[in-house]
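**Student:** how would this look folded up:
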Amino acid sequence: MRVALIQMPVVPDKQRNIQTALAKIREAADNGADFAVLPEMFCCPYDNSCFRPYGEPEGGEAQAALSALAAERKLYLVGGTVPELAGDQVYNTCYVYGPDGRQLARHRKAHLFDIDVPGGQRFRESDTFSRGNAVTTFETAFGTMGLCVCFDLRFEELARCMCLRGAKVIFVPAAFNMTTGPAHWEILFRQRAVDNQCFTVGVAPARDEAASYVSYGNSIAVDPWGTVLCRAGAEGTTLYADLDLDRLAAVRSQLPILSGRRTDLYEIGER
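**Tutor:** Got it, this is the predicted structure:
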C-alpha cells in the first residue's frame, strides 16, 4: 500500500492552494500512490481570523474538487482539513474520498488546540472552532483505517479506540508549530504506532517563516515497530511510504500488547 504524504505550502489565495493540491495529487497518482494525504488547513492560512472567511459547507468547492480528482485518478484521498461551516458553527474537518469519489469519512477535530507555553506558542482554536464528537474509522480495499486531526493524536484513548475497531493505519493531517514540533512530533507518531501496533502517517504544511502561525513541517510515516519510514524537513515536498500491512500481524504476534491487555484491571475508581 503506497501512501503519498503531500507537504505543500499554504498561501493566502484559496484557489491557488486548491490548484497546488490537485497538481500534487495527480503527481502522486502518476507515481503509483494508493492513498494521497494533504495537510491540516491545506487551503487556508492557520489563523483564527481566516477560518470562517475561508470556510465552506459540506460539499463545498475544495471538497468537490478533491472528490472529483479521487474518482478521476482512482485513489483514496485523505483531504487534509478545511474550515467546515455548519449553521453558526465552524469545525476543523477532514474528509476522505474513495477511488470512486464517494465520501468515506468525515472527522471533525475532537480535541481543540488551546495552548499557552510561556516563551513559546499561544493559540486558541476554541475561539473559532467547535469540537467534533466522533471516533472516526473508514473501510477500504486495504482494510480499516483510522483518522484524526493534529492535537487529537495527543490523546491515546482516541488512537486506541480506532485500533480496537481494526484500524491498520492512523492518518493525521496536522500542523504542529515550532514550539511543540521539535519537542513532541516524532515522539507522538512513534509512540502511538508502538502503543497500538499500527502505522501512523502525519502530514503537515510546508514551513513558512513569514506566516502568523509557523508549521513545523516534518511530515512522517512510522511502522508498528516504531521505525520511521520517511520524514520530511521544512520544505514543500511529497514523500512516498510503502506500508507492508502484513507487518502488523507479525509485530502483534511478537509483542502481545493488544491481545494481552488486562481490561479487568483498567476500570477507574476507588480502591
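**Student:** partner residues bridging T200?
**Tutor:** Beta-bridge pairing of T200 under DSSP bridges involves I170, V222.
**Student:** what about it, neighbour count?
**Tutor:** Applying other C-beta atoms under 10 Å, we find 26 other residues in the vicinity of T200. C-beta here means a position set from N, CA and C on the backbone, and glycine is covered the same way.
**Student:** residues contacting it?
**Tutor:** By C-beta atoms under 8 Å, 6 or more residues apart in numbering, the contact set of T200 is 153, 169-170, 172, 189-190, 192-193, 220-222.
**Student:** how does it look with 7 Å?
**Tutor:** T200 is in contact with 170, 172, 189, 192-193, 222, counting by C-beta atoms under 7 Å, 6 or more residues apart in numbering.
**Student:** Show me what the lengthiest strand in the chain is packed against.
**Tutor:** Longest strand in the chain by number of residues, with DSSP state E as the criterion: strand 89-97. Under the contact definition 3 or more C-beta pairs under 7 Å, 6 or more residues apart in numbering; DSSP states H and E, strand 89-97 sits against helix 61-73, strand 76-78, strand 82-86, strand 103-108.
**Student:** Quick check: which of the ones you listed has the most neighbours on average?
**Tutor:** Ranked by average neighbour count under the criterion mean count of other C-beta atoms under 10 Å, those are headed by strand 76-78 at a mean of 27.
**Student:** which helices and strands sit right next to that strand?
**Tutor:** Against strand 76-78 (3+ C-beta pairs under 7 Å, 6+ apart) you get strand 35-37, strand 89-97.
**Student:** so which of the helices and strands packed on strand 89-97 comes closest to A250?
**Tutor:** Closest to A250 of the helices and strands packed on strand 89-97 is strand 76-78 (C-beta to C-beta; 23.9 Å).
**Student:** what is the mean pLDDT for the closest one?
**Tutor:** For strand 76-78, mean pLDDT is 98.
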